[in-house]
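# got a predicted structure plus its sequence, pasted below:
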Amino acid sequence: DAGVIQSPRHEVTEMGQEVTLRCKPISGHNSLFWYRQTMMRGLELLIYFNNNVPIDDSGMPEDRFSAKMPNASFSTLKIQPSEPRDSAVYFCASSHGQPSPLHFGNGTRLTVT
Amino acid sequence: DAKTTQPPSMDCAEGRAANLPCNHSTISGNEYVYWYRQIHSQGPQYIIHGLKNNETNEMASLIITEDRKSSTLILPHATLRDTAVYYCIVRGTGNQFYFGTGTSLTVIP
């Protein structure tokens, strides 16, 4: 089992550019979660999907953020346009549903200059 | 969804048991308690979870009080590699999984 795979590991971009983060969940898992971590705000739940359907996106900070899950093996988190305050580590996690635990990827460190 | 309260930091001598407390006084009857840890900026690592009964695995033990309002994670023989931030999480019935501020555990040689 390869675990949750996130790409890229690091992303440096300029303000105003579009950024797309990618996640491949563990095969067979039916829930997928996107988190953002900063020193100031800790780990924040942005959005989660059950069976590819977004269930709760109340954590998405602004309309600049969007997430999709076109199939069970792939999800994207897009920021357009990016801003310096979006700089953070973004984590993806997947689960086989309650009460199975979440398994996290290694994250994408985003720097917006 | 239940909130959790943890001490911000703790120290533990290497080789001794580390006991990390967590309060979750508003937990509902069917909500599970999960423990994770995070080392530096790596992804959070799952440790253990439970509902009512005490649980043990190769990493740790989880002790949940009878009224379920608090729990304790026990690392039986702490090593330097156990230095990390430990998170106690109560999972909402809607599948939400919110992290609090956690406890920063430092294992001292």
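Sure, I can see it.

# low-confidence stretches in chain A?
Along chain A, segments meeting pLDDT under 70 span A:1.

# equivalent analysis for chain B, please.
B:1-2.

# show me the helices in it, by range?
Using DSSP state H, no helices are found in chain B.

# tell me the residues of it that contact chain A?
Residues of chain B lying near chain A by Cβ under 8 Å from any Cβ of the partner chain: B:32, B:34, B:41-46, B:49, B:51, B:87, B:91, B:93-102. Where you see a C-beta, it was placed from the backbone N, CA and C, and this is true even at glycine.

# which of the residues you listed fall in strands?
Counting by DSSP state E, these place B:34, B:45, B:46, B:49, B:87 in strands.

# most widely separated two among those?
B:45 and B:49 (12.8 Å; Cβ to Cβ).

# with neighbour numbers in mind, choose between those two.
With neighbours defined as other Cβ atoms under 10 Å in any protein chain shown, residue B:45 and residue B:49 compare such that residue B:49 has more, 18 against 14.

# would you agree that one is in contact with residue B:60?
No. Between residue B:49 and residue B:60 there is no contact under Cβ atoms under 8 Å: 10.8 Å.

# list the contacts for the residue lying closest to residue A:54 once chain neighbours are set aside?
Excluding its sequence neighbours, the residue lying closest to residue A:54 (Cβ to Cβ, 6 or more residues apart in numbering or on different chains) is residue A:47, at 6.0 Å. Listed by Cβ atoms under 8 Å, 6 or more residues apart in numbering or on different chains, the contact set of residue A:47 reads A:33, A:34, A:54, A:56, A:57, A:59, A:60, A:67, A:77.

# which among the residues you listed count as buried?
Listed as buried from those are A:33, A:34, A:54, A:56, A:59, A:60, A:67, A:77; burial here means 16 or more other Cβ atoms under 10 Å in any protein chain shown.

# which residue is nearest the middle of chain A?
What sits nearest the mean C-alpha location of chain A, by Cα atoms, centre = their mean, is residue A:34, with 3.4 Å.

# for it, phi and psi?
Main-chain dihedrals, residue A:34, degrees, to the nearest 10: phi -110, psi 130.

# what about the closest residue to it other than its chain neighbours, which SS state?
Nearest non-adjacent residue to residue A:34, counting by Cβ to Cβ, 6+ apart: residue A:46, 4.4 Å away. Here residue A:46 takes the strand state, with states given by DSSP: H, G, I helix; E, B strand; the rest coil.

# okay, now residue A:46: neighbour count?
Neighbourhood size, residue A:46 [other Cβ under 10 Å]: 20.

# send me stretch B:48-62 as PDB with only the CA atoms.
Listed next in PDB are the C-alpha coordinates belonging to stretch B:48-62 (Å, rounded to 0.1, in the frame of the first residue of the first chain):
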ATOM      1  CA  ILE B  48      -5.000   4.700  18.200                       C
ATOM      2  CA  HIS B  49      -8.700   5.200  18.600                       C
ATOM      3  CA  GLY B  50     -11.500   4.000  20.800                       C
ATOM      4  CA  LEU B  51     -15.200   4.400  21.800                       C
ATOM      5  CA  LYS B  52     -15.700   3.100  25.300                       C
ATOM      6  CA  ASN B  53     -13.300   0.400  26.100                       C
ATOM      7  CA  ASN B  54      -9.600   0.800  26.700                       C
ATOM      8  CA  GLU B  55      -7.500   0.000  23.700                       C
ATOM      9  CA  THR B  56      -3.900  -1.000  23.200                       C
ATOM     10  CA  ASN B  57      -1.700  -1.500  20.100                       C
ATOM     11  CA  GLU B  58       2.000  -1.700  19.300                       C
ATOM     12  CA  MET B  59       2.300   2.100  19.700                       C
ATOM     13  CA  ALA B  60       0.300   3.100  22.700                       C
ATOM     14  CA  SER B  61      -2.600   2.500  25.100                       C
ATOM     15  CA  LEU B  62      -5.800   4.500  25.300                       C
END
